[in-house]
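Engineer: please find the sequence and the predicted model below.
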Amino acid sequence: MRIQFKTSYAHDIRLFADRWTFGVYAVLLIIAFALPFILGVFYLGEVTNVLIWAIAGLGLMLLTGQTGQASLGHAAFLAVGAYSGAILMESGVPFILAFPAAGIITGVVGTLIAIPAIRMHGVYLAIATIALSILADDIIVLTEHWTGGVSGKFFMPVELFGFEIDRWGTPFKFYYLVLVVAIICTLFYRNLLRSPLGRAMAAVRDSEVSATAMGVHIAYTKAIAFGVSCAITGLAGVLMGMFAGIINNETFSIVISISLLMMIVIGGLGSIHGAFFGAIVIAFLPQAISITTKASGLTVAIPGLEQAIFATILVLFILFEPMGIYGRWMKIRIWFELFPFARKDMFRRQKSYLKTERLR
Amino acid sequence: MSLLEIKNATLKFGGVVAVNDLSFNVEEGEVYAIVGPNGAGKSTVFNLISRFYDPFAGSFTFDGRNLLDFKADGIADLGIARTFQNIELFEHATVLQNLLVGRHRHRRTTLIEEMLFTRRVRREEYKHRAAVEEVIDFLDLQPYRDKMIAGLPYGVRKVVELGRALSSNPRLLLLDEPASGLSVEETQDMRWWIDDIRKQMGITVLMVEHDMGLVSAVSDRVLALADGAKLAEGTPGEVQSNPAVIEAYLGAGAV
Ligand SMILES: Nc1ncnc2c1ncn2[C@@H]1O[C@H](COP(=O)(O)OP(=O)(O)OP(=O)(O)O)[C@@H](O)[C@H]1O
Ligand SMILES: [Mg+2]
């Protein structure tokens, strides 16, 4: 059992709680950087894909997990990021500028769209954001002049610090690019969590009434959450475009929005780990399914099988592990740390108290 | 000039007159209690001060400033903090994080600074922590510091909510039934805390409470409310022996 002795506030304020945690993440980081020397090109591509999904997941996590605003429109923001990145680069803006610009553009678009959406709650917001996903398709076709419409937009190899980065030509370098972006986004997210704004977001999520009474400006906080969330998602969009090589009006469909939301629910709402765990599931599940169907001797493709399995997993998680994979992981860890003292109903929630909508 | 002055406040919900032409003043440094039967409009008075509702009529002045000029999220910044009758905590956050939200009105950093966690953010965080840690010591919340609210018993939640309000360093503290649902021992603790909040911290307290024992023990003045209107005002003893108050509590004919 590992006991933390807290001797100063720094324990909670600094990035890593203690040496042990720091060590774990350092090892993880070293492995991540060594991966191109360990894995073959195919699996490196898969890991790259996972990381890109994880970045998108971090974006949505900030909005849904941290601020409590469900969005089924995030594929649209992936599209905004991917297209603005592609268009900027096509018109000669170097990658080092075009990439963050795509994020900022997406963030601004997200904030503008958020302003009318901010008054909506829960399922209404989810429904309204579905409209975004559906509209995005039409808008891309209508603005064919810029987006290339149905025939799509190509992503050329980019140049960064004198290196040429190309998903196919130089997969190692592309992996490192994605890895660094993922690390930076994670750091931004983590920093927000330990600052006033991150706590204000959690406050908005859990009780708007008392957040207001504590001086949190609800609409502002939600708009910022939308903005930062969309900016991160926009970055993921550019990377997704580069990974796919070509994007068109069907690349960022509503299915992507749904997968993103499922991903963070399965991974564990409200945690950084959740975004990564969820990304692993979403990225590897199709592979796992095709391997098992092949192994079981099925030759005909079953339409909708993947979706059905996704949906089943989602429902099982909501029923049995609402805290997602991260929640389960924490429980297993605590169980081992306390061994053999863990009690069976240790994780059972206390009776929770009814809150009425009325402010009594 | 009183710290809080409410004049001729009126609020209706449809046909229900929740607050009816109510006037009272709270002086700096006192503990002022509002009592009254269920549905008398006590919590509504709090919600009016918090600016959750717009009054139909009346003036609300805090420290010389017109509260009606502010929105609900601007009230904390004036130095008014509150608790809720049906505990409103941030369930999926730790006790520490809940108290730190109480510090929100002292936030001085911007989004970009916080994303980069600059030196200034770190310095501010230390300040917030120092302030919150004092509250944790004061309310003996050390064992719960890193616990999630979702797993805490009712009595502790009540204390955490008081702590969150205190963390904002308010000048006026609104407590909506601080002792409801608490055991005898917990109510005793609450009593000493309210005493210390007033005496040591110099915070003015306006509270709604049904427990007359607690009210008599801590408050300087009491306002009795019935159907949104003032029945009586005075020292706890005066109000408790007022015939109109006894009648309101026990029903007509009991006097
Ligand atoms: N949001 C609301 N909408 C409609 N009616 C309300 C609302 N809030 C309060 N009321 C009504 O206003 C009256 C006063 O309610 P209030 O909550 O202020 O009572 P209270 O004195 O706090 O009672 P209790 O002791 O039960 O807490 C009640 O008749 C109540 O039903
Ligand atoms: Mg009440």
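Structural biologist: Arrived safely. Numbers count the residues shown, from 1 in each chain, chains lettered A, B, ... in the order given. Ligands and ions are numbered 1, 2, ... in the order given.
Engineer: which stretch of helix or strand covers the closest residue to ligand 2 within the stretch 1-150 of chain B?
Structural biologist: Using C-beta to the ion, B:S43 is the residue of the stretch 1-150 of chain B that sits closest to ligand 2, at 3.1 Å. Every residue, glycine included, has its C-beta placed from N, CA and C. Element membership of B:S43, judged by DSSP states H and E, is helix B:42-49.
Engineer: now B:A81
Structural biologist: Going by DSSP H and E, B:A81 is part of strand B:80-82.
Engineer: tell me how far the helix or strand following that strand lies from the chain's centre.
Structural biologist: Counting by DSSP H and E, the next helix or strand C-terminal to strand B:80-82 is helix B:95-102. Helix B:95-102 has its C-alpha centroid displaced from the chain centroid by 17 Å (C-alpha atoms, centre = their mean, to the nearest Å).
Engineer: one step back: for the helix holding B:S43, packing partners?
Structural biologist: strand B:4-13, strand B:16-26, strand B:31-35, strand B:57-62, strand B:80-82, strand B:172-176, strand B:204-208 (3 or more C-beta pairs under 8 Å, 6 or more residues apart in numbering or on different chains; DSSP states H and E).
Engineer: what are the pairing partners of the second one, and which direction each?
Structural biologist: Strand pairing for strand B:16-26, using DSSP bridges, gives strand B:4-13 (antiparallel).
Engineer: go on, the third one?
Structural biologist: Strands adjacent to strand B:31-35 in the sheet, as given by DSSP bridges, are strand B:204-208 (parallel), strand B:221-226 (parallel).
Engineer: make CSV out of the ones you listed and add distance to ligand 2, mean pLDDT and mean neighbour count.
Structural biologist: Output for those, formatted as CSV (distance: least, C-beta to the ion, whole Å; pLDDT from 0 to 100; neighbours: other C-beta atoms under 10 Å in any protein chain shown):
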stretch, distance to ligand 2, mean pLDDT, mean neighbour count
strand B:204-208, 6, 94, 24
strand B:221-226, 11, 92, 23
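Engineer: out of those strands, nearest to A:Y25?
Structural biologist: Nearest to A:Y25, of all the strands paired with strand B:31-35, is strand B:204-208, at 46.1 Å by C-beta to C-beta.
Engineer: residues touching that closest one, excluding its own?
Structural biologist: B:3-4, B:26-35, B:42-43, B:45-46, B:49, B:85, B:171-178, B:194, B:197-198, B:218-219 (C-beta atoms under 8 Å, 6 or more residues apart in numbering or on different chains).
Engineer: what's the first helix or strand after that strand?
Structural biologist: Assignment by DSSP H and E places the next element after strand B:204-208 at helix B:212-218.
Engineer: buried ones in that next one?
Structural biologist: By neighbour count with 16 or more other C-beta atoms under 10 Å in any protein chain shown, helix B:212-218 contains the buried residues B:214-215, B:217-218.
Engineer: so where's the stretch 1-150 of chain A uncertain?
Structural biologist: The model of the stretch 1-150 of chain A has pLDDT under 70 over residues A:1-12, A:17-18, A:122.
Engineer: and the residue of the stretch 51-200 of chain A nearest ligand 1?
Structural biologist: A:H121 (17.0 Å; C-beta to the nearest ligand atom).
Engineer: so where's the stretch 201-350 of chain A shaky on pLDDT?
Structural biologist: Those would be A:297-301, A:321-322, A:334-350, if you go by pLDDT under 70 across the stretch 201-350 of chain A.
Engineer: how about the helices in the stretch 101-250 of chain B?
Structural biologist: B:111-116, B:119-138, B:154-167, B:184-199, B:212-218, B:236-241, B:243-250 (DSSP state H, counting those that start in this stretch).
Engineer: what sits up against the fourth one?
Structural biologist: Just to be clear, that refers to helix B:184-199. Taking C-beta under 8 Å, 6+ apart as the rule, helix B:184-199 contacts B:29-31, B:138-139, B:155, B:158-159, B:162, B:166, B:173, B:175, B:178-179, B:182, B:203-205, B:207, B:211, B:213-214, B:217-218.
Engineer: got the angle between it and helix B:154-167?
Structural biologist: Angle of helix B:184-199 versus helix B:154-167, following axes from the mean of the first three to the mean of the last three C-alpha atoms, to 10 degrees, is 10 degrees.
Engineer: list the buried ones in stretch B:130-150?
Structural biologist: For stretch B:130-150, by 16+ other C-beta under 10 Å, it's B:131-133, B:135-136, B:138-139, B:141, B:144-145, B:148-149.
Engineer: show me what that stretch is in contact with.
Structural biologist: A:9, A:349-350, A:352, B:89-96, B:98-100, B:102-103, B:106, B:152, B:156-157, B:159-160, B:162-163, B:166-167, B:169, B:193, B:196.
Engineer: please indicate which of those are buried?
Structural biologist: A:9, B:89-96, B:98-100, B:102-103, B:106, B:152, B:156-157, B:159-160, B:162-163, B:166-167, B:169, B:193.
Engineer: still on that earlier bit, okay if I get the strands paired with strand B:31-35 as a markdown table plus distance to A:S71?
Structural biologist: Listed next are the strands paired with strand B:31-35 as a markdown table, based on distance: least, C-beta to C-beta, whole Å:
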| stretch | distance to A:S71 |
| --- | --- |
| strand B:204-208 | 39 |
| strand B:221-226 | 45 |
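Engineer: in the stretch 201-350 of chain A, what residue is nearest ligand 2?
Structural biologist: Counting by C-beta to the ion, the stretch 201-350 of chain A gets nearest ligand 2 through A:V209, at 14.0 Å.
Engineer: quick one: contacts for the closest residue to that residue other than its chain neighbours?
Structural biologist: Nearest residue to A:V209, sequence neighbours excluded (C-beta to C-beta, 6 or more residues apart in numbering or on different chains): B:E88, at 5.5 Å. B:E88 is in contact with A:207, A:209-210, A:213, A:355, B:161, counting by C-beta under 8 Å, 6+ apart.
Engineer: can you count the residues close to A:A213?
Structural biologist: 30 (other C-beta atoms under 10 Å in any protein chain shown).
Engineer: so who does it touch?
Structural biologist: Neighbour list for A:A213: B:50, B:72, B:75-76, B:81-82, B:84, B:88 [criterion: C-beta under 8 Å, 6+ apart].
Engineer: ok, 6 Å please
Structural biologist: Contact analysis of A:A213 by C-beta atoms under 6 Å, 6 or more residues apart in numbering or on different chains lists B:50, B:82.
Engineer: could you pull out the helices for the stretch 1-150 of chain A?
Structural biologist: Assigned by DSSP H, counting those that start in this stretch, the helices in the stretch 1-150 of chain A fall at A:10-13, A:19-38, A:41-61, A:74-90, A:95-117, A:122-142, A:144-147.
Engineer: most packed of these?
Structural biologist: helix A:74-90 (a mean of 27; mean count of other C-beta atoms under 10 Å in any protein chain shown).
Engineer: look up how far A:P36 lies from the residue of the stretch 51-200 of chain B found nearest ligand 1.
Structural biologist: Using C-beta to the nearest ligand atom, the closest approach of the stretch 51-200 of chain B to ligand 1 is made by B:Q85 at 5.5 Å. Shown here: B:Q85 relative to A:P36, a distance of 59 Å by C-beta to C-beta, to the nearest Å.
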